[in-house]
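# Take this sequence and fold it.
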Amino acid sequence: MSIFNLKTSVDELKSMNQGTSNMIYQQITATRGIDDNSFSSGVINYRWQTSSDTWWVPNRSYLRLRCRLSKAGVAPNKGDPLTLSDGIAPNMNLMPNLFQNCEFKLGDNKVISRVADYVPQVDALQNRITKSRAWLDGIGNSTNLWQPNQSDRMNEVSSDGSSSLGRDAKTEKLAMGYVALNTIEIDAGGVVTFSVGAGGPAGNPDAQTVWRTGDVLELEGNKYLVKETTNATTIQLDDGFAYNAVAATTDSFTRIRKEDSRQLTEFELTWVPECLSIFKINHAIPGGGMCELSLNPQVASVIQKQAIESISGTNKVPGTDYDFEITDMYLFVATLKGPRFSEGSFLLDLEQIRCQTAQLETGAFGQKPYDVSPSTKALTLAIQDSRIYDDTSISASKFKAYNGTTSIDLNINRFFIQYGSVQKPQPDADVNFDVNVDRTVQRYTDTALQSGAYWDTGSFEDIEQHHDRGNFYYFAWPRKQYHCVEEQTLISVC
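As a prediction, the model looks like this:
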């Protein structure tokens with residue numbers, strides 16, 4: 001095509017070719033009221049109906065949740081923003097953690113797709129298999145808090161937090177309110193004292209307003225982390241090591257500070273529930289029938305715990321250590337006008353993830369049987385702590401297990417999966433991980449290769465993120481077209 005060719009018809013426009021130029025979003029209200037007091041009061045249903053010339057696009061439709069995460073207690077502190085000392089972050093991939101099961105029905109009440117249990121686990125696996133690192137780090141972080149590190153999410157909702165994405169901002173001494181003759185001294189214990197040199201003004205700016213925890217003091221080419229502000233004239237540096245005392249003769253110093261975080265108390269999240277296979281469909285579906293999305297929330301006490309991830313080893317108490325409140329939740333359905341579809345049939349290529357669990361015994365090589373559908377095309381092994389609904393420091397969205405606060409999910413010595421007379425991997429997987437040993441790279445690579453993520457232009461999550469979110473081991477299996485009964489697979493783990 002020549003660069004001099006001009007489009008002379010609207011049909012030649014890209015938006016018209018894709019059929020999206022007239023797409024609109026319908027805001028669908030649940031059939032019952034939704035707020036913090038009623039969210040857990042039974043199944044939440046969203047119903048909508050389209051005409052024969054109105055189509056909807058499942059993968060471009062989404063849920064929007066508005067919520068509040070703040071301090072608990074009584075006035076005047078109740079409702080105040082959290083601080084870093086609270087050690088509380090919204091949970092990774094928060095929205096699916098609020099539900100115990102969900103389903104989608106079409107037409108005459110026919111169930112098209114359903115997740116009977118383990119909604120956060122299924123949704124986490126679905127997104128990590130199919131979404132690129134660029135997606136998870138970008139829109140995933142922004143819309144449903146996919147940051148693997150608890151500290152990054154904690155900073156986002158803390159009034160004294162700093163943005164993990166922010167640039168370092170440097171501020172010179174004069175810009176902080178000090179004058180040319182203000183001097184600085186560091187003693188061997190890391191105590192910094194600001195003073196006034198000979199002939200200087202009568203006082204200093206208040207150190208407690210100029211400095212804060214997490215700042216970096218740059219002095220004579222050295223950088224020191226500020227642990228706390230002590231009083232108007234002194235601050236305490238990180239006490240993790242001994243300091244060489246610096247005499248009170250230095251006339252120049254700099255403060256380095258991360259940009260402030262979003263410091264959220266009230267925020268909104270969006271979620272495409274791709275754990276339901278219908279919402280993976282990225283093309284338009286003709287209307288003419290009733291559609292219904294049903295979400296069954298966790299009980300209120302579980303929702304409160306599932307909504308957050310606290311610092312490792314600290315189990316927080318809802319209503320005492322924090323409050324999590326839900327304001328509203330709406331479904332936004334992407335619809336567009338298309339050719340009339342009054343009769344006929346079409347196929348939907350639906351791929352559903354099903355989760356089954358079994359209790360593992362440490363130190364023993366045993367087989368665990370699972371009933372597997374004959375249409376299974378892949379099997380995935382992941383390890384998760386059984387305390388996900390009881391301990392706020394353990395997330396249902398992460399495939400992690402702990403002995404106390406020590407992560408043990410990477411301590412597998414050997415495993416294999418046997419299904420349909422085929423064993424994978426061969427030889428048995430040896431994925432031991434320790435302080436000075438990392439034997440997880442092959443399985444990480446194999447998971448990326450077999451899921452297709454290896455060739456994604458946005459890259460697969462890196463191996464550190466893979467460990468932080470919890471390892472999973474994915475194996476593709478040929479689809480069994482002609483079997484009419486479920487088969488059994490054995491997973492052997494040591």
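# Could you pull up the residues touching the residue nearest to the spatial centre of the chain?
By CA atoms, centre = their mean, the chain has its centre lying nearest to Trp146, at 2.2 Å. Contacts of Trp146 were listed using CB atoms under 8 Å, 6 or more residues apart in numbering, and they are 92-93, 127, 136-137, 140. (Each C-beta comes from the backbone N, C-alpha and C, glycine too.)
# SS state for the closest residue to Asp390 other than its chain neighbours?
Leaving aside its chain neighbours, Asp390 sits nearest to Lys305 (7.2 Å; criterion: CB to CB, 6 or more residues apart in numbering). Recorded secondary structure, Lys305: helix (DSSP: H, G, I helix; E, B strand; the rest coil).
# Beyond the strand or helix carrying Arg257, next helix or strand please.
In this assignment (DSSP states H and E), Arg257 forms part of strand 254-258. Sequence order places strand 266-271 as the next helix or strand after strand 254-258, per DSSP H and E.
# Check which residues of that following strand are buried.
267, 269, 271 (16 or more other CB atoms under 10 Å).
# what helices or strands is that strand leaning on?
strand 62-70, helix 141-144 (3 or more CB pairs under 8 Å, 6 or more residues apart in numbering; DSSP states H and E).
# ok and that strand relative to strand 62-70, angle-wise?
150 degrees (axes from the mean of the first three to the mean of the last three CA atoms, to 10 degrees).
# which residues of the stretch 151-300 of the chain score low on pLDDT?
Low-confidence segments of the stretch 151-300 of the chain, defined by pLDDT under 70: 163-168, 197-203, 239-242, 246-250, 259-261, 288.
# could you pull out the strands for it?
Assigned by DSSP state E, counting those that start in this stretch, the strands in the stretch 151-300 of the chain fall at 168-172, 182-186, 191-196, 216-219, 222-229, 234-237, 246-250, 254-258, 266-271, 285-286, 290-297.
# Distance from the fifth one to the middle of the chain?
Same thing as strand 222-229. 30 Å (CA atoms, centre = their mean, to the nearest Å).
# and Thr209, how many residues sit next to it?
Neighbourhood size, Thr209 [other CB atoms under 10 Å]: 11.
# Please read the previous query as pertaining to Asp409.
19.
# got it, and Gly189?
So Gly189, with other CB under 10 Å, has 11 neighbours.
# Against Ser310, how distant is the closest residue to Ile311 other than its chain neighbours?
Once flanking residues are discounted, Ile311 sits nearest to Gly87: 3.8 Å by CB to CB, 6+ apart. Relative to Ser310, Gly87 is positioned 5 Å away (CB to CB, to the nearest Å).
# Arg387 contacts Ile394, correct?
Yes: the pair formed by Arg387 and Ile394 meets the contact definition of CB atoms under 8 Å, at 5.3 Å.
# When the two are compared, which one has more neighbours?
The residue with more neighbours, out of Arg387 and Ile394, is Ile394; 21 against 13, by other CB under 10 Å.
# And the buried ones among the contacts of Trp146, selectable in PyMOL?
The following PyMOL line selects those of those that are buried, judged by 16+ other CB under 10 Å:
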select buried, resi 92+93+127+136+137+140
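# Let me have the contacts of Trp146 in a markdown table, extended by distance to Asp328 and pLDDT.
Compiled in a markdown table, the contacts of Trp146 are given as follows (distance: CB to CB, whole Å; pLDDT from 0 to 100):
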| residue | distance to Asp328 | pLDDT |
| --- | --- | --- |
| Met92 | 22 | 97 |
| Asn93 | 20 | 97 |
| Asn127 | 24 | 96 |
| Leu136 | 26 | 95 |
| Asp137 | 28 | 93 |
| Gly140 | 22 | 95 |
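# Adding distance to Lys131, write the strands of the stretch 151-300 of the chain out as TSV.
Formatted as TSV, those follow (distance: least, CB to CB, whole Å):
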stretch	distance to Lys131
strand 168-172	29
strand 182-186	47
strand 191-196	45
strand 216-219	34
strand 222-229	35
strand 234-237	41
strand 246-250	49
strand 254-258	27
strand 266-271	13
strand 285-286	22
strand 290-297	21
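# about what we covered before: which one of the helices and strands packed on strand 266-271 lies nearest to Ser195?
strand 62-70 (40.0 Å; CB to CB).
# For the following helix or strand past the closest one, which strands pair with it and how are they oriented?
Downstream of strand 62-70, the next assigned helix or strand under DSSP H and E is strand 88-90. Using DSSP bridges, the strands paired with strand 88-90 are strand 308-310 (antiparallel).
# Beyond the partner strand, next helix or strand please.
Taking DSSP H and E, what comes next after strand 308-310 is strand 323-337.
# other SSEs contacting that following strand?
Using 3+ CB pairs under 8 Å, 6+ apart, strand 323-337 is in contact with strand 24-28, strand 44-49, strand 54-56, strand 62-70.
# Let's have these in JSON lines, adding distance to Val157 and mean pLDDT.
JSON lines is the format used below for the helices and strands packed on strand 323-337 (distance: least, CB to CB, whole Å; pLDDT from 0 to 100):
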{"stretch": "strand 24-28", "distance to Val157": "27", "mean pLDDT": "94"}
{"stretch": "strand 44-49", "distance to Val157": "25", "mean pLDDT": "94"}
{"stretch": "strand 54-56", "distance to Val157": "34", "mean pLDDT": "89"}
{"stretch": "strand 62-70", "distance to Val157": "6", "mean pLDDT": "96"}
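# Done for today, thanks.
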